[in-house]
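Student: sharing a sequence plus its predicted fold:
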Amino acid sequence: MAEPLLQARGIVKHYGHVEALRGADFDVFPGEIVALIGDNGAGKSTLVKILSGSEQADEGEIILEGHDVQVSSPLEAQRLGIETVYQDLALAPDLDGAANLYFGREIVRRGPLGRLGFLDDEAMHAGARKAFADLGVDLQNAHSPVANLSGGQRQSVAVARSVAWANKVIFLDEPTAALGVVQTARVLDVIRRIRDRGVPVVLISHNMPQVLKVADRIEVLRLGRRVAQFDARGATVERLVAAMTGGLDGQGSAA
Amino acid sequence: MTEDKVPPNPADDTNGSQAPAEPSEGALWRRLMRTNTAWIFLVLILLVAFFSVLKPNNFPTEFNTRAIATNAAVLLIIAVGETFVIITGGIDLSVGYVLLFSGVTAAQTMNAFGNPTDRGWDLILLGLLVALVSGLAWGTVNGVLVAKAKVPPLIVTLGTLGMAWGMAQILSNGQDIRYIPSLLGSVVGAGKFYAVPWLVIIAALVAAVGAIVLRMTRFGRYTFGVGSNEEAARRAGINVDRHLIKVYALSGLLAGFGGFLALAYFTTTTISGHANDNLNAIAAVVIGGTSLTGGIGTVVGTTIGVFIPAILASGFIIIGLQSFWQNVAVGAVLIAAVFIDQLRRRSRER
């Protein structure tokens, strides 16, 4: 297999006396969907927060494309090309899809008006239409505030936002937790399209069947350490659960 | 890494196959409907029609129109600043007394070199500058306390309301300052450009610039974004604290400007005359469809919201009702406006 694009090595994180991560490793390879799973308290969220810059590790290193990097803040992560879509959808509900897509990175007009901060809404709407179409997201009304969209559409806007800016890795934290069946299928489809465009996706999920359906590879955290890596093709729900709960000792199977 | 990810920028898309831009009138209309500006405008039209039919010889006259617009001008200017603040999800209770404070400092500055009655534009400009700086200073204090000290805006601006009021009285010993350059009163305060009072022109310009900044610039976009979801704005890399400080500073600056114009209009500091300015400004903003929970609002709506109480006041006097009824009616309109806003919010939550 190729070199990992993103590697976490020996990440340790304490919260007071609680050891959330005890030397956790994690790998993301180019062009894959890798699922990060684990029981509650296994350290998934902490690991994602550290890799996306919202928290700092006490020990360990993060290697992006072979270089040690310091992910000191979410903004630094974004600068490095790492985007995260959070469970609680960091969208501004009163802004429309295009405004959300470009939120914080607005296109301004050319010339002196641009220097005064005048926005090029035409350009942003056109760019947004393109971005949504590329992901197969159907937004009938691009001018409607995202609060008026369905849960799946909102999730798609959030995903499209990260896809538009991520060029290295996208983390998706429980992207379908709040969605119905049809909408879940759409979002999973969007995730596959992102992978097909070459940007690896890290999927954090509790939903084992979903993980098996969409992921190429699965990494399992337990008690703050990586305990297993699976190729999704050979894995079953039973074996994943066994790894998560400690029924499977030592290193996991076929990686 | 140095290589920037190229955003989906249609400027790079040279194949020209894009769908034609949607007609902006349509988009504007949808936006208007969304912010219930259209409904409140209808109410305004109905009020005008109502009073015009009842008193066709007294209400829809050039004189009365000019009187209504002039009375509303200063309130409109502070309401524009209040609109920005409320869209961020905050509130600025201090505007009325920041206005008074700025009027007092401006008047005192202009009186510092002897009786200013016959003085010219240089002294007037100095007074304007002092008023603007006074307002900006209070606004910045509000913004820093809200953004950095994380004190709720209601409390911060309630505190600075009292402080600005007290300071205005301390500076003036509670006595109105009655001498201002007569040029200021006769030109800015009472003068007209053709048939339109300068005060109305100035207020209209402020409202127009405010509307453009809010709707068309990054500053406006961030104002909506911060009010809509502060956390999302932070994660998007927006310096939320700095933006909030700027918005409160803008509100203070406009209050300072309003203070100078009020000085020109009344030709005195009117220390006891600003008790309700803040609530009138907030009422105008909210009647105009700006949501107290933030993220939604327009300057056009605020403008209409300023004129509804102004028209009620004038209309009630002309049809011979006691003017106190205006307060009753404005209160009812205010509650109705917020009620409609709540209904709208509820209906879109799925």
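Tutor: Yep, that arrived.
Student: nearest spatial neighbour of residue B:273, skipping sequence neighbours?
Tutor: Excluding the flanking residues, the one nearest residue B:273 by C-beta to C-beta, 6 or more residues apart in numbering or on different chains is residue B:266, at 7.4 Å. Where you see a C-beta, it was placed from the backbone N, CA and C, and this is true even at glycine.
Student: and residue B:174, by the same measure?
Tutor: residue B:271 (6.7 Å).
Student: around the closest residue to residue A:55 other than its chain neighbours, how many other residues sit close by?
Tutor: Closest residue in space to residue A:55, ignoring its immediate chain neighbours: residue A:49 at 4.1 Å, by C-beta to C-beta, 6+ apart. By other C-beta atoms under 10 Å in any protein chain shown, 21 other residues sit near residue A:49.
Student: one more: residue A:70?
Tutor: Residues near residue A:70, counting by other C-beta under 10 Å, number 12.
Student: what's the spacing between it and residue A:62?
Tutor: Per C-beta to C-beta, to the nearest Å, residue A:70 is found 8 Å from residue A:62.
Student: list phi and psi for residue A:109.
Tutor: Backbone geometry at residue A:109, expressed as degrees, to the nearest 10, gives phi -70, psi 160.
Student: what's near enough to touch it?
Tutor: The contact partners of residue A:109, taken as C-beta atoms under 8 Å, 6 or more residues apart in numbering or on different chains, are A:118, A:119, A:120.
Student: and if we set it to 10 Å?
Tutor: Applying C-beta atoms under 10 Å, 6 or more residues apart in numbering or on different chains, we find residue A:109 in contact with A:115, A:116, A:117, A:118, A:119, A:120, A:121, A:122, A:123, B:216, B:217.
Student: quick check, central residue of the chain?
Tutor: Picked chain A for this. In chain A, the centroid-proximal residue (C-alpha atoms, centre = their mean) is residue A:171; its distance is 1.3 Å.
Student: hmm, no, I was thinking of chain B.
Tutor: Centroid-nearest residue in chain B: residue B:79, 1.8 Å away (criterion: C-alpha atoms, centre = their mean).
Student: before we move on, back to that, after the host helix or strand of the residue nearest to residue A:55, heading C-terminal, what element do we hit next?
Tutor: Here residue A:49 sits within helix A:44-51, counting by DSSP states H and E. Moving toward the C-terminus from helix A:44-51, the next helix or strand (DSSP H and E) is strand A:59-64.
Student: what are the buried residues along the very next helix or strand once past that following strand?
Tutor: With elements assigned by DSSP H and E, the helix or strand that comes after strand A:59-64 is strand A:67-69. For strand A:67-69, the neighbour count (16 or more other C-beta atoms under 10 Å in any protein chain shown) marks residue A:69 as buried.
Student: how far out from the middle of the chain is strand A:67-69?
Tutor: In terms of C-alpha atoms, centre = their mean, to the nearest Å, the centre of strand A:67-69 is set 20 Å apart from its chain centre.
Student: can you give the contact residues for it?
Tutor: A:6, A:7, A:9, A:61, A:62, A:63, A:76, A:77, A:80, A:82, B:1.
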